[in-house]
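**Student:** fold the stuff below for me.
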Amino acid sequence: MYTKLVRRRASARWLLPSAFLVFSAVLSLTLSYRHPLSFFTRSRPSYDSMIEDAAERHCVDPALIKAVIWRESRFDPNARGAKGEVGLMQIRPRNGAVEDWAVAYGLESPKVGLLFNPELNLEIGTWYLARALRKWRGYKHSVELALSEYNAGAMGMTAWIPEDPDGEVADRITITSTRRYVRSIMDRYERCLEARVEKKRKCYE
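**Tutor:** Next up is the predicted model:
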């Protein structure tokens, strides 16, 4: 997937001289992902298929992915964070998800511009979240621990890892911003699970 994205971007850069043709190329690119105008709209349902695909590949509940996206970017594919995070899942180009993903697959780290692509951003962010979920699967509150790692990094969360696998996590988090981050996502995730049972779609309203 990453190789195809690079080739598409390279051909667009060298072959299209005018602003109109550049716009047409980007529009064609979005249509090829089966999500018309996904680069130009923040319509939340437009990412559903991408989220479902990434969730299935990496065995992560799509409701959890949506909750993370909601907290990280409010579904804005062009979002930028204060520490260099980019895109829907606010992945870090350096010293974080992107480099780890590239190493895992034996690839060069994608250029920052490519990371705003919703499909690539979801792939890397979901892979990174799935890795954390597997790491903490032996704990009762594995999701909270995985979200802590996603936000604070593996080294930043050592102080609140419970000695007892059944121990609480949220109240032990010592970084205020991370504690709020985890609680807000868990609240949104639980709302989505309830909405799923009730067959409603109100968890992002």
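**Student:** over to residue 173: give its phi and psi.
**Tutor:** Backbone torsions for residue 173, taken as degrees, to the nearest 10, come to phi -70, psi 120.
**Student:** that one contacts residue 162, doesn't it?
**Tutor:** No: the pair residue 173 and residue 162 fails to qualify as a contact (CB atoms under 8 Å) at a distance of 11.0 Å. In short, each C-beta sits where N, CA and C put it, glycine included.
**Student:** burial of residue 108, as a residue count?
**Tutor:** Residue 108 is flanked by 8 other residues according to other CB atoms under 10 Å.
**Student:** kindly report the same for residue 48.
**Tutor:** Residue 48 has 13 neighbours, counted by other CB under 10 Å.
**Student:** quick one, phi psi at it?
**Tutor:** In terms of degrees, to the nearest 10, the main-chain angles of residue 48 are phi -60, psi -50.
**Student:** and the next element down the chain from the lowest-mean-pLDDT helix or strand in the chain?
**Tutor:** Counting by mean pLDDT, DSSP states H and E, the chain has its least confident helix or strand at helix 19-32, which shows a mean of 36. Where DSSP states H and E defines the elements, the next helix or strand beyond helix 19-32 is helix 48-58.
**Student:** now do the helix or strand that that next one is followed by, average pLDDT.
**Tutor:** Downstream of helix 48-58, the first helix or strand assigned by DSSP H and E is helix 62-73. In this model, helix 62-73 carries a mean pLDDT of 96.
**Student:** what's helix 62-73 packed up against?
**Tutor:** helix 48-58, helix 118-135, helix 142-152, helix 176-197 (3 or more CB pairs under 8 Å, 6 or more residues apart in numbering; DSSP states H and E).
**Student:** switch the cut-off to 6 Å
**Tutor:** helix 48-58, helix 176-197 (3 or more CB pairs under 6 Å, 6 or more residues apart in numbering; DSSP states H and E).
**Student:** what sits up against the last one?
**Tutor:** Helix 176-197 is touched from outside by 63-64, 67, 70-71, 144, 147-148, 151-152, 170, 173, 202-203, with contacts defined as CB atoms under 6 Å, 6 or more residues apart in numbering.
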